[in-house]
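Participant: Okay, here's the prediction I keep looking at, along with the sequence it came from:
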Amino acid sequence: MIGTLLLALLLGAGRADWLLIQTDYATIHYQRSDSLAAEKLAQIIPPTVQRIERDLQLPRQPRFKVYLAPDRSTYDEISPGRTPPQWSVGWARPESGLIVLLSQNAARGEGRELLTTQVLVHELAHLMLHAKLGGRDVPRWLEEGYAKTAAREWSLGTATTLTWAVVRGRLIPLAQLVQRFPEDEPRVHLAYAQSQSFVAFLLDNFGPEGLGRFLELLAQGLPVEIACERALGRDIHALEHDWRRYLELHHTWLGLFLSRRWVWALTSLLMLFAAAISLVRRRRKLRAMELEERFEHDDDLSGLLH
């Protein structure tokens, strides 16, 4: 209760010029510079909420609040507790029904590309998973893995991160991703990638129904190990072993070859090769022209001598 009141004071005291968009599901607070982004968020919220409600078999959810922070200082100001890490672009407070996002303009000013709509879906998935589980604590890998899967955040960068970790033998055991994620940015990206990959692995092998049963048992208060065995018929450690085997088959040298840095390297080599061939051809053409001119010059001299 105290935390919620403090949060309300922080939000109210930060800026008085917030504009509002009201939808059936949310109230969006934004600055005039982010008007287009706020309108886009308002458009995607209803179908996204309806999709996740169906996936999680949830009743209609209460209205939530979204703050679109126009800059990093505002984002930090309205974040209760400690200052978010510099790589953070969104967070959710499920008990308050609150989502705070860094605006796309602010992210671009920091030299990074950001899909604000995708971050919104990610944080919204946190809110709705919390409602599904009745506020019970679940492993961080499950919470973040579900949010990234719901937001459809899989990318070439995610695949590359996993591939390098597999090749170098640096995957993080899931047991280390239960309470919190690493603090340093490279390893936190790996933690997110692994979480998404493992949840996607569960969905591929057991379907939405299997994951739904797993969540239902967690909502009843069962420990993860027991809920996993009852819902999926497998021990969580055995599933992690199978998932690692899957990664070793699908994220090794072939994955490295298709990764972005290798694609760029291969493209550069091909460009250099093409330039070298072009240079050789140009030199041959110039040599041929030089010989032809010399031949014609010799013919002219021959005619004069006769």
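Facilitator: Great, that's in hand.

Participant: Where does pLDDT dip in the stretch 1-150 of the chain?
Facilitator: Under the criterion pLDDT under 70, the flagged ranges of the stretch 1-150 of the chain are 1-16, 80-82, 112-113.

Participant: let's see 90
Facilitator: Scanning the stretch 1-150 of the chain with the threshold set as pLDDT under 90 gives 1-17, 54-62, 76-89, 94-96, 104-116, 135, 137.

Participant: ok, which stretches of the stretch 51-200 of the chain are helices?
Facilitator: Under the criterion DSSP state H, counting those that start in this stretch, the stretch 51-200 of the chain contains helices at 72-77, 104-109, 116-132, 140-150, 156-168, 185-219.

Participant: out of these, nearest to Leu249?
Facilitator: Nearest to Leu249, of all the helices of the stretch 51-200 of the chain, is helix 156-168, at 9.7 Å by Cβ to Cβ. (Each C-beta comes from the backbone N, C-alpha and C, glycine too.)

Participant: between the closest one and helix 140-150, how many degrees?
Facilitator: Direction vectors for helix 156-168 and helix 140-150, defined by axes from the mean of the first three to the mean of the last three Cα atoms, to 10 degrees, enclose an angle of 140 degrees.

Participant: now helix 156-168 against helix 185-219, angle please.
Facilitator: Using the same axes, to 10 degrees, the direction of helix 156-168 lies 100 degrees away from that of helix 185-219.

Participant: For helix 156-168, C-alpha coordinates in PDB please.
Facilitator: Included here for helix 156-168 are C-alpha records, laid out as PDB according to Å, rounded to 0.1, in the frame of the first residue of the first chain:
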ATOM      1  CA  LEU A 156      18.500 -13.000 -35.400                       C
ATOM      2  CA  GLY A 157      20.300 -11.300 -32.400                       C
ATOM      3  CA  THR A 158      18.600 -13.800 -30.000                       C
ATOM      4  CA  ALA A 159      19.700 -16.800 -32.100                       C
ATOM      5  CA  THR A 160      23.300 -15.400 -32.300                       C
ATOM      6  CA  THR A 161      23.500 -14.900 -28.600                       C
ATOM      7  CA  LEU A 162      22.400 -18.500 -27.900                       C
ATOM      8  CA  THR A 163      24.700 -19.800 -30.600                       C
ATOM      9  CA  TRP A 164      27.800 -18.200 -29.200                       C
ATOM     10  CA  ALA A 165      26.900 -19.300 -25.700                       C
ATOM     11  CA  VAL A 166      26.500 -22.900 -26.900                       C
ATOM     12  CA  VAL A 167      29.700 -23.000 -28.900                       C
ATOM     13  CA  ARG A 168      31.700 -21.500 -26.000                       C
END
